[in-house]
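Asker: Please find the sequence and the predicted model below.
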Amino acid sequence: MKFAVISFPGSNCDYDMYYAVKDILKEPVEMVSYNENSLDGFDAVLIPGGFSYGDYLRSGAIAKFARIMPSLIDFANAGKPVLGVCNGFQILTEIGLLPGALQNNRDMQFISEYEALTVENNKTIFTSEYETKQNIMIPIAHGEGNYYCSENELEDLKANKQIVFTYNNNPNGSVANIAGVTNKNGNVMGMMPHPERAVEKILGSEDGVQLFKSILKSFRGGTEVE
Amino acid sequence: MSNTEISPQEIKDKKVYRDWGLTDYEYNLISTKLLHRLPNYTETGLYSGMWSEHCSYKNSKEVLKEFWTKGSRVLQGPGEGAGVLDIGDNQAVVFKAESHNHPSFVEPFEGAATGVGGIIRDIFSMGAKPIASLDSLRFGELTNSKNKYLLEKVVSGIAHYGNCIGVPTVGGEIAFDSSYDGNPLVNVMCVGLMNQDNLESGLAQGSGNSIIYVGAKTGRDGINGATFASSQFSDEEDSDRSAVQVGDPFMEKLLVDACLEIINQHSDALVGIQDMGACGIVSSSAEMASKANSGIHINLDLVPQREPNMTPYEIMLSESQERMLLCVKKGKEQEVIDVFKKYGLDAVNIGNVSDDGRYVLTQDNNTVCDIPTRTLVDDVPRYHHESKRPARLDKNNSANIAVENPSKTLTDLLSSPTIASKHSIYRQYDTRVQANTVVSPGSDSAVVRIRHTNKSLAMTTDCNARYIYLDPYIGGQIAISEAARNIVASGAVPIGITDCLNFGNPDNAESFYELDQSVQGISKACQLFDTPVISGNVSLYNETDNKAIYPTPMIGMVGLIEDNQHITTQEFKDSNDLIYIIGETYDDYSGSELQKLVSKKIEGKKIEGKIEHFDLDIENKNQNLIHQAIINNLVNSVHDVSEGGLGVSLSECCFKNNFGVDAKINITSSQLFSETQSRFVVSINPKNQKDFEKLMQDNATLIGKVTDNESFNLSLLDNQVNVKLSILKSAWEDSLECLMK
């Protein structure tokens, strides 16, 4: 399974994502510049965290106009897996591939912590290796991770089981404790916590590994991943 | 600054150079001995910047040469952007610390942010990837609203820059004392990792080679900031705001990536690279040229400028951030410029290297400066300062303090801001970006693993300035020892240090004595621990209205962990683990947090007392024993004993995993808070008792065990401590946030 990590000017978790796939999942992975215009040949796209374009204007807002974006939208519309983490999540809401928006944290401060999350739905291509209601520890590091959506959108998210991860102790004021959501189709997911930072015991948690394994398992038609 | 430049004769007659920090002696030296003519406006400005203490170390060089800088690992000692140490496997660690005290007082957010940006540039200009940063901060007491404001803004400035650029802020320390009222200290350390083949230097050589400017455009910000940093503050003068720069971490992220790509993939095109730090273009270009005895010719019309009508003085002395200067081989310019273009960065060929040794600037086809390059860098006078031992050092009294209620004293100490948890601060820093952070803030040292190896680097910043004030020589030794204790406690072997020497005005003989003696103390300890000084920075004139700070030589130390299995943290791991103290406890209260708490008169330099019972050999022996215990896998936790003594150390071991303690210690209630050096608290699995005690001989004292009942019970010679852990923990955890409200 071939992964692409899209790197924007200002992305700073791109290599963390790259190494999680290369060293831990042990699948082929390439860095793809924001300035490319094709995602041909890739089976999954990862949009990493960081401060694309310095988060100037609004986080994720300028990335929307990058040259790679039409290809990314086509890729997502073709039903292939797209995962956005942190700034990647912000970018996916900005281009409309995911519902809602991410606002300043409730306390108006950047927060860097290990957070306990609950897996709300394990029937997605990103979470099949977890149990529903499983508690996992994944670090967050963001200033604008306060998820917002309208009441109607929230009802939709619930009805379609699009809420994938919630915070056990809501750190940032997110609506319904939301830490991660998918699109209606289930092939695009955004989350503020960083699973790529929780893939080795020495880093404090391996709870992010199953997320990457789930993507691979789904690609292999449900075959278990070692 | 007016654009109508005054004439050389007017500069001389009106002694304008004095406003820029040059003395009459220096000005006369320049005009009569070096140039044999009067320097013009631009030239005078260049000298004032380059001859400032910040750029030239003219007041401290005599002292700095005392530093021990050798050692088998040293690949690059002081003198370049940062020092470099061999860590095996063809890899090297690069680190340096720098102060941004004055800018952070005037504009705390940008001052701190650009401090982070500046030190990161020093690291990647050596060819290394910045992998971690640490901050050592000092403020006045938080009872003062200005200090709260400074702390809040400095922390958010550090977070803003570090988080955005993607370098994890993994550690640091903060202390509060009223001697820093009006003169906070903001010292930032950055650590980088590189392949030894990529080692670069700031060099401009080879006649005809090109000088390439890259990064942000030059504006009128921070003009002659080095002169500003080398002068004292006065309450009446508040017009220095333009001397503070504004940072753009996004731009710097692009610069790091682009420069490292050039160093990694286009090294045959690159002759040298240096960041434009203090004194901007003039210091980077003049230093690069003088190292190679070259000349340099720059056409100022080609320098990218943010504002129209900038004078040569403004262009050359601007400290606009996020700019680098490269020397590139003739014919290879486009290759380098194309890499920068890919990152959306402006790179411009602004001049070239010459073999005439002259520093020549032209603007609008006029020569605005033509002076020997070496006069800017190598001909700076060195000053020998008078040194006078302060009378306070000869008072032989040692403080003695009676503690009536040790439970209450412990709770009070845990909530004092210097000791209290800094969680509310470091939670604002991205501590884990790059996914290599093993031990994040809150333990003795931060630990960052080296990806694709089984090794890690431990790092810490330390300095107890009150000890330096009470005894600069012993205090200097203690500063190194404490840093090494933190490094050793994390499972590492100390390999080198950087420093920021924050002192008062060196023209004051007592201030100079403090500087000189503490440097000698530091150097002596460095030699013993085999931790050479590989880089550093000097910040003198830390005075506001003639009131100096405590002498504060901040030490940044790095250690190497050869096997990640040996990474050790301070918190207790299991109930029933046995607790030992390594090192003897005496009545040491001079300069202690207990003394501060009880006497209330420790603030503002009113302290006195003798530093006793410190012995470098015992320190070294105890550290070696701890290291042996760790590498033989005999311990579950190690924590050093520092501010607040054993009481505080034992409490800190309990907090993270909510364990209690049941112990009997043969010390008095007062001694529970004594700050005798060279001590550790260790917990071990009972199955290792025999091996551990055999290793320690009579150097470790078994005091009790870890319990899971969440209560803190100590039986002392004269009293008992029985407190619920939750009470101690909330005193420690909530204090800083409450004080900031």
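Answerer: Arrived safely. Not measured: the values here are computed from a predicted model.

Asker: switch to C-alpha atoms for all contacts and neighbour counts from now on
Answerer: Noted.

Asker: What's the biggest helix in chain A, counting residues?
Answerer: Across chain A, the longest stretch assigned as helix under DSSP state H is helix A:209-219.

Asker: Which residues outside it are in contact with it?
Answerer: Residues from elsewhere that reach helix A:209-219 (CA atoms under 8 Å, 6 or more residues apart in numbering or on different chains): A:1, A:21, A:24-25, A:81, A:125-130, A:195-196, A:198-199, A:223-225.

Asker: of those, buried ones?
Answerer: Among these, those buried by neighbour count (16 or more other CA atoms under 10 Å in any protein chain shown) are A:21, A:25, A:81, A:125-130, A:195-196, A:198-199.

Asker: low-confidence ranges in chain B?
Answerer: Scanning chain B for pLDDT under 70 picks out B:1-4, B:225-244, B:601-606.

Asker: of all the residues in it, which ones are close to chain A?
Answerer: Contacts of chain B with chain A, taken as CA under 8 Å from any CA of the partner chain, map to B:159, B:164-166, B:249-251, B:253-254, B:343, B:426-438.

Asker: quick one: the strands in chain A?
Answerer: Assigned strands in chain A, in chain order: A:3-7, A:29-33, A:44-47, A:82-85, A:101-103, A:111-119, A:135-142, A:146-148, A:163-167, A:178-182, A:188-191 (criterion: DSSP state E).

Asker: Please name every helix or strand in contact with the last one.
Answerer: Translated: strand A:188-191. strand A:82-85, helix A:87-94, strand A:178-182 (3 or more CA pairs under 8 Å, 6 or more residues apart in numbering or on different chains; DSSP states H and E).

Asker: nearest spatial neighbour of the most centrally placed residue in chain B, skipping sequence neighbours?
Answerer: The centroid of chain B falls nearest to residue B:97 when counting by CA atoms, centre = their mean (3.7 Å). What sits nearest to residue B:97 in space, not counting adjacent residues and going by CA to CA, 6 or more residues apart in numbering or on different chains, is residue B:189, at 3.9 Å.

Asker: what's the burial count for that neighbour?
Answerer: 32 (other CA atoms under 10 Å in any protein chain shown).

Asker: Going by secondary structure, it is in what exactly?
Answerer: Counting by DSSP states H and E, the element that carries residue B:189 is strand B:185-195.

Asker: What pairs with that strand, parallel or antiparallel?
Answerer: strand B:91-99 (antiparallel), strand B:129-139 (antiparallel) (DSSP bridges).

Asker: What parts of chain A come near chain B?
Answerer: A:9-10, A:12-13, A:15-16, A:50-51, A:53-54, A:109-113, A:141, A:196-197, A:202-204.

Asker: make it 6 Å
Answerer: With CA under 6 Å from any CA of the partner chain as the criterion, chain A comes near chain B at residues A:10, A:12, A:16, A:51, A:54, A:110-112, A:141, A:197, A:202-203.

Asker: Tell me how many other residues crowd residue B:688.
Answerer: Around residue B:688 there are 15 other residues, counting by other CA under 10 Å.

Asker: Distance-wise, check the closest residue to it other than its chain neighbours relative to residue B:689.
Answerer: Counting by CA to CA, 6+ apart, residue B:634 is the residue found nearest to residue B:688 once chain neighbours are left out, at 5.9 Å. Residue B:634 sits 8 Å away from residue B:689, going by CA to CA, to the nearest Å.

Asker: where's the strand holding residue B:189 relative to the chain centroid, distance-wise?
Answerer: How far strand B:185-195 lies from its chain's middle: 8 Å, per CA atoms, centre = their mean, to the nearest Å.

Asker: and that strand, C-alpha only, in CSV?
Answerer: Taking C-alpha atoms only, strand B:185-195 is exported to CSV below (Å, rounded to 0.1, in the frame of the first residue of the first chain):
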residue,chain,number,x,y,z
LEU,B,185,16.5,37.0,32.0
VAL,B,186,15.4,35.1,28.9
ASN,B,187,18.0,32.6,27.9
VAL,B,188,17.3,30.1,25.2
MET,B,189,19.3,27.0,24.3
CYS,B,190,19.0,25.0,21.1
VAL,B,191,20.3,21.5,20.4
GLY,B,192,20.9,20.1,16.9
LEU,B,193,21.9,16.8,15.4
MET,B,194,24.1,16.3,12.3
ASN,B,195,26.2,14.0,10.3
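
Asker: So which elements touch the helix or strand just after that strand?
Answerer: Going down the chain from strand B:185-195, the next helix or strand is strand B:210-215, by DSSP H and E. Judged by 3 or more CA pairs under 6 Å, 6 or more residues apart in numbering or on different chains; DSSP states H and E, the packing partners of strand B:210-215 are strand B:323-328, strand B:347-354.

Asker: if you compare the ones you listed, which one is most tucked away?
Answerer: strand B:323-328 (a mean of 27; mean count of other CA atoms under 10 Å in any protein chain shown).

Asker: Direction included, what does that one pair against?
Answerer: Strand pairing (DSSP bridges) places strand B:323-328 next to strand B:210-215 (antiparallel), strand B:270-275 (antiparallel).

Asker: I'd like these as CSV, with distance to residue A:136 and mean neighbour count appended.
Answerer: CSV is the format used below for those (distance: least, CA to CA, whole Å; neighbours: other CA atoms under 10 Å in any protein chain shown):
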stretch, distance to residue A:136, mean neighbour count
strand B:210-215, 42, 25
strand B:270-275, 43, 25
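
Asker: Of all those, which one comes closest to residue B:394?
Answerer: Minimum separation from residue B:394 across the strands paired with strand B:323-328 (CA to CA) falls at strand B:270-275, 45.2 Å.

Asker: what sits up against whatever helix or strand comes next after that closest one?
Answerer: For strand B:270-275, the following helix or strand on the C-terminal side (DSSP H and E) is helix B:280-291. For helix B:280-291, contacts defined as CA atoms under 6 Å, 6 or more residues apart in numbering or on different chains pick out B:202-204, B:276, B:295, B:316-319, B:374.

Asker: residue in the stretch 151-300 of chain B nearest to chain A?
Answerer: In the stretch 151-300 of chain B, the residue found nearest to chain A is residue B:250; the distance is 4.7 Å by CA to the nearest CA.

Asker: could you pull out the helices for the stretch 401-550 of chain B?
Answerer: Ranges of helices in the stretch 401-550 of chain B, per DSSP state H, counting those that start in this stretch, are B:406-414, B:423-426, B:465-470, B:472-489, B:509-529.

Asker: Any buried residues in the last one, and which?
Answerer: Under the neighbour-count criterion of 16+ other CA under 10 Å, helix B:509-529 has B:509-527, B:529 buried.

Asker: I'd assumed residue B:413 was in contact with residue B:420.
Answerer: No - at 8.0 Å, residue B:420 and residue B:413 do not qualify as touching, with contact defined as CA atoms under 6 Å.

Asker: Let me have the contacts of helix B:280-291 in TSV, extended by distance to residue B:12.
Answerer: As requested, the contacts of helix B:280-291 are exported to TSV (distance: CA to CA, whole Å):
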residue	distance to residue B:12
B:202	34
B:203	34
B:204	33
B:276	29
B:295	27
B:316	21
B:317	21
B:318	24
B:319	26
B:374	22
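
Asker: can you pick the most crowded of these?
Answerer: Busiest of the contacts of helix B:280-291 [other CA under 10 Å] is residue B:204, holding 35 neighbours.

Asker: Run through the residues that contact that one.
Answerer: Residue B:204 neighbours (CA under 6 Å, 6+ apart): B:272, B:288-289, B:327.

Asker: repeat that for 8 Å
Answerer: B:211, B:271-272, B:285, B:288-289, B:291-292, B:294, B:327, B:353.

Asker: Need these in TSV (columns: distance to residue B:481).
Answerer: Putting those into TSV (distance: CA to CA, whole Å) gives the following:
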residue	distance to residue B:481
B:211	44
B:271	39
B:272	36
B:285	38
B:288	36
B:289	39
B:291	35
B:292	38
B:294	42
B:327	41
B:353	45
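
Asker: Widest-spaced pair of those residues?
Answerer: Largest separation among these by CA to CA: B:211 and B:291, giving 15.0 Å.
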